[in-house]
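# Predicted structure and sequence below. I'll ask about it afterward.
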Amino acid sequence: MLKNIQPYTIGLTVVALLLCIPFFYCMFSLFPLADDFGRARTARYLFDFYEAQREIISAWKSWSGRFTHHFVVVFWGDAVLHRFSYGLLCSAVVALYGVSVFGILNRVCQGVQKVSCLFLAVSSVLLIFCAYQALDVVYYLQTDTLGLGLASALLLTYVWSLCNIWHKETVKFKDRWFAYISGAAAVGCYEHAAIAAAVATAFAWGGARIYGHRHREIFKRVAWVVAIALLTAFLAPGNFNRAIDRHVGFEQIISQLKDIFPLWFSSVPEIFISPFMLGVLAVFLLPPAGLSVWHRISCLKMSLALGAGFLILTLGIITLHAFSDVPFDGTPKLKANMLLLEAFYLAFAALLCRPARLGRIAPFWGKLVGMAMLIICFFTPNLQNVLASINNGSIASYVGAMEERMRILEQGAGQDIRLAPVLATPFPVWRWSNIPSRPDEWPAGDIEELYGLNSVSLQQPDLTVVEKRLAEPVPWKSASASGRQYALVKDIMAGPNAGYHYIWLLLNSPADEKHLSLLLVAEAGFPRWLQKPLQEKMFAGKEITLPSHYQYFASLKHADLAGSQLNIREMPGTTYAIPLYYYKDSSPCALYLSFDGQRFLRLEL
């Protein structure tokens, strides 16, 4: 049985890679949002070193001490202007997790069982994709990817550098500087990583002293570099100036400090029911016992040290936010990132304390845990939602509308630009419109300066254009026995540019309608021979209830009809106009309409 373990691990690694592909695919469907515009405005071109180092100084004085973050968001700021470079950068940040995990395991295991190390590295990336609770914000928005996302990746890179020093007979110049640079970079990218780097440094230096390690002087120098970076980041004038600008007063801080322990008890234990724990268990079982310190330090002392480190990490993060303008529970990404750091900590603790007596049977059980991990990852909401967004056409529709929006912005120099709403809202690439309804709201100023516009704002479609179209013959069809009629109209551009060119559903009803639901069924995806029969069976009738798992084949839209009424006196009842999809999108193979959200009536296309 044990002879087949390596091929089995290779197979699991291939499966893990395949499950990662949909997430990487979505990264190449990203467009600039929110702070991305401001960073691209500051950068004159890609890899703008001069403006990046100026941004460090300016932000350090006025905003925050995240010197690494402020450098990279400008250095790579122009990457957001092109889909390929945007996707490549986000993919590279996530790939850095896998590279660092492989480097750590390969060094700790001293080159033994590279296949197991590779499986764990790929699985770490898959777990981040599947189990991270704020995936769409942190890894699909460049500004946050180069903040929280990059910070955690740099932290792993720093731990890798410490493992390099620990296990090498001779430490070279490049090994020392690898630790110096990665440690300082992690500290300067985000405060969470700074606290975690301080804990890792304390363990490395303290362990080297207890062991009488031959490189303990090097660990001491690394500790000094990290300490200087910590002081530079946390004592930056910008931290205090931002608190003053956002009116963070003594009463608010005291109020937030009182919530530290309730927040700790409500958030920290969640790691033990997270899919991340399967990764921790796999790390405990899969590698050979290449590092074990039980023979040097008693079980009690090691447990106390690891427990203290865990408390410093978690309480430190929550306490830090109590002194800031953004409390720990102010945004979901903070809790999500702390859970990830908890998983890193527990995984390294499992690796550190793995006793040699686990024997040869542990890798076999590790493979079973690995298989269970892949199965659970497949059924996580993140992966299922990504597969649904790709298969039901939402991603393609979003890309088409956003490409048109970017073209309008690029060609709008010196003009007042009005942008249309984007109808497709797929996970994980969509979070909010972020184009303000008024030109004087954020981030309109950044967009105007970036593209040389007079003004920019989001404007709803002009329904008077739709009303004029109704002066021409419209092919009305019966929607139900209650006298409702509908028509699909394709040649209406209800706004100043092609972004307003929608396919419209016109609905005439004898009664006032409040809302309706629309189910747009996409063409069967790959593999067509498998999906088409399932789709035909699911959407076979003229009147259906909402099928289970419909989201893999169709997108559901809920329309609030307030403000959608047309002023048509020649027609009885009330007429409504609802934009269905962008005109360049592929037409749905079926369309269903519901007024109660339960019974859906098929409309003729």
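Looks like it arrived, so ask away. Residues are numbered from 1 along each chain as shown.
# for this structure, which helix is longest?
helix 83-108 (DSSP state H).
# which element follows it toward the C-terminus?
Tracing the chain C-terminally past helix 83-108 and defining elements by DSSP states H and E, one meets helix 114-131 next.
# between that following helix and helix 83-108, how big is the angle?
130 degrees (axes from the mean of the first three to the mean of the last three Cα atoms, to 10 degrees).
# which residues sit against the helix or strand that comes right after helix 114-131?
Where DSSP H and E defines the elements, the next helix or strand beyond helix 114-131 is helix 135-138. Helix 135-138 is contacted from outside by 128-129, 132, 144-145, 147-149, 331-333, 336-337, 382, 427-431, using Cβ atoms under 8 Å, 6 or more residues apart in numbering. No exception for glycine: its C-beta is placed from N, CA and C like everyone else's.
# Which of the helices or strands spans Y502?
Applying DSSP H and E, one finds Y502 within strand 501-509.
# what's the helix or strand just after that strand packed up against?
Moving toward the C-terminus from strand 501-509, the first helix or strand encountered (DSSP H and E) is strand 515-521. Using 3 or more Cβ pairs under 8 Å, 6 or more residues apart in numbering; DSSP states H and E as the contact criterion, the elements in contact with strand 515-521 are strand 554-560, strand 574-582, strand 590-594.
# Quick check: buried residues in strand 515-521?
L516, S517, L518, L519, L520, V521 (16 or more other Cβ atoms under 10 Å).
# Which one of those residues is nearest to S182?
L520 (47.6 Å; Cβ to Cβ).
# wouldn't the closest one be in contact with Q551 here?
No. With contact defined as Cβ atoms under 8 Å, L520 does not reach Q551; the gap is 11.4 Å.
# Look up how far D245 lies from W442.
15 Å (Cβ to Cβ, to the nearest Å).
# And for I228?
Counting by Cβ to Cβ - I228 and D245 are separated by 27 Å.
# With P436 instead?
21 Å.
# With neighbour numbers in mind, choose between these two.
P436 (16 against 12; other Cβ atoms under 10 Å).
# Look at the residue lying closest to the more buried one once chain neighbours are set aside and report its pLDDT.
Closest residue to P436 apart from its sequence neighbours, by Cβ to Cβ, 6 or more residues apart in numbering: A444 at 5.2 Å. pLDDT, A444: 90.
# The one 4 residues further on too?
The confidence metric pLDDT takes the value 93 at E448.
# now swap in the one 5 residues further on and tell me
We have a pLDDT of 92 for L453.
# tell me the SS of it?
coil (DSSP: H, G, I helix; E, B strand; the rest coil).
# That one contacts D446, doesn't it?
No. With contact defined as Cβ under 8 Å, L453 and D446 do not form a contacting pair (10.7 Å).
# For G445, see how far away L141 is.
Counting by Cβ to Cβ, the gap from L141 to G445 is 19 Å.
# swap in A471?
In terms of Cβ to Cβ, A471 sits 40 Å off from G445.
# burial measure for the residue nearest to A498 when sequence neighbours are not counted, as a count.
Residue nearest to A498 in three dimensions, not counting chain neighbours: E404, with 5.8 Å by Cβ to Cβ, 6+ apart. Residues contacting E404 under the criterion other Cβ under 10 Å number 21.
# cool, and H213?
16.
# likewise K532?
K532 - counted by other Cβ under 10 Å - has 15 other residues nearby.
# Check which helix or strand it maps to.
Going by DSSP H and E, K532 is in helix 528-538.
# Tell me which strands whatever helix or strand comes next after that helix pairs with, and in which orientation.
Once helix 528-538 ends, the next helix or strand along the chain (criterion: DSSP H and E) is strand 543-545. Taking DSSP bridges as the criterion, strand 543-545 forms sheet pairs with strand 599-603 (antiparallel).
# what angle sits between the strand it pairs with and strand 590-594?
140 degrees.
# now strand 599-603 and strand 554-560, what's the angle there?
Using the same axes, to 10 degrees: strand 599-603 against strand 554-560 is 100 degrees.
# what about strand 599-603, distance to the chain center?
35 Å (Cα atoms, centre = their mean, to the nearest Å).
# Give the buried residues for that strand.
Those would be F600, L601, R602, L603, for strand 599-603 by 16+ other Cβ under 10 Å.
# Please apply the same query to stretch 65-72.
Buried residues in stretch 65-72 (16+ other Cβ under 10 Å): G65, R66, F67, T68, H69, H70, F71, V72.
# which outside residues touch it?
52-53, 55-56, 59-60, 63-64, 146-147, 150-151, 154, 184-191, 232-236, 238-239.
# Could you do stretch 112-123 as well?
Against stretch 112-123 from outside (Cβ under 8 Å, 6+ apart): 6, 9-10, 12-13, 16-17, 20, 98-99, 101-102, 105-106, 109, 279, 282-283, 286-288, 290, 363, 366, 370, 373-374.
# Put the alpha carbons of the lowest-mean-pLDDT helix or strand in the chain into PDB.
Within the chain, no helix or strand scores below helix 528-538, which has a mean of 80 by mean pLDDT, DSSP states H and E. Included here for helix 528-538 are C-alpha records, laid out as PDB according to Å, rounded to 0.1, in the frame of the first residue of the first chain:
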ATOM      1  CA  ARG A 528     -21.700  20.500 -23.600                       C
ATOM      2  CA  TRP A 529     -22.600  16.800 -23.900                       C
ATOM      3  CA  LEU A 530     -23.000  16.700 -20.100                       C
ATOM      4  CA  GLN A 531     -24.500  20.100 -19.400                       C
ATOM      5  CA  LYS A 532     -27.000  20.300 -22.200                       C
ATOM      6  CA  PRO A 533     -29.200  17.400 -21.000                       C
ATOM      7  CA  LEU A 534     -29.100  18.600 -17.500                       C
ATOM      8  CA  GLN A 535     -30.100  22.100 -18.500                       C
ATOM      9  CA  GLU A 536     -32.900  20.900 -20.700                       C
ATOM     10  CA  LYS A 537     -34.300  18.700 -17.900                       C
ATOM     11  CA  MET A 538     -34.000  21.600 -15.400                       C
END
